[in-house]
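Asker: coords please:
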Amino acid sequence: DIGNNLLFYDEDIIYLKLESIENIELMNDNLNKLAKILSEKNIKLIFMPAVEKYNLYRDYIISNEYKESIFFEELEKLQKDYIFINTKSILKQKLNAGEKDLYYVDDTHWSFKASDTVINDKSFRKIFE
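Answerer: Below is the predicted model:
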């Protein structure tokens with residue numbers, strides 16, 4: 001029984017140092033360029049990064065000494081020529097509503113609950129309308 005422990009991948013913490021507003025803006029610029037190229041071929045670019053377990057549950061960790069991720073929050077603010085699915089925002093709503101087990105307890109993968117939540121979210125569903 002792991003009780004109140006949160007198991008996550010150590011690289012979720014290690015690579016936080018690479019997160020910067022400048023790097024997020026550069027990635028967004030590159031995605032916008034790619035979206036433009038694809039739109040000339042009648043293809044829509046959809047970018048759906050999966051929020052890491054640490055990032056989603058960070059606010060619930062007592063005495064947390066690790067850096068906070070800014071990825072989703074900063075990317076959300078930027079102008080996009082592609083479709084962005086904010087999985088953190090979607091899953092955070094479910095988490096705040098009391099849903100448990102959005103990730104498997106002993107690894108870093110989404111559970112079926114998280115997958116169902118994302119694919120049934122209105123922001124995801126409107127892509128296919």
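Asker: neighbours of residue 86, how many?
Answerer: 20 (other Cβ atoms under 10 Å). C-beta: built from backbone N, CA, C; applies to glycine.
Asker: that one contacts residue 124, correct?
Answerer: No: using Cβ atoms under 8 Å as the test, residue 86 is too far from residue 124 to be in contact (9.9 Å).
Asker: can you give me the strands in this protein?
Answerer: 46-47, 83-84 (DSSP state E).
Asker: tell me which of those sits most buried.
Answerer: strand 83-84 (a mean of 16; mean count of other Cβ atoms under 10 Å).
Asker: any regions of this structure where pLDDT drops low?
Answerer: 1-9 (pLDDT under 70).
Asker: do that again at 90, thanks
Answerer: Under the criterion pLDDT under 90, the flagged ranges of the chain are 1-18, 53-54, 57-68, 99-101, 103-109, 122-129.
Asker: have a look at it and report its longest helix.
Answerer: helix 21-39 (DSSP state H).
Asker: what residues sit buried inside that one?
Answerer: 24, 28, 31, 32, 35 (16 or more other Cβ atoms under 10 Å).
Asker: ok, the fourth one - contacts?
Answerer: This points to residue 32. By Cβ atoms under 8 Å, 6 or more residues apart in numbering, residue 32 lies in contact with 79, 80, 81, 82.
Asker: end to end, how far does stretch 122-129 reach?
Answerer: End-to-end distance of stretch 122-129 (Cα to Cα, to the nearest Å): 10 Å.
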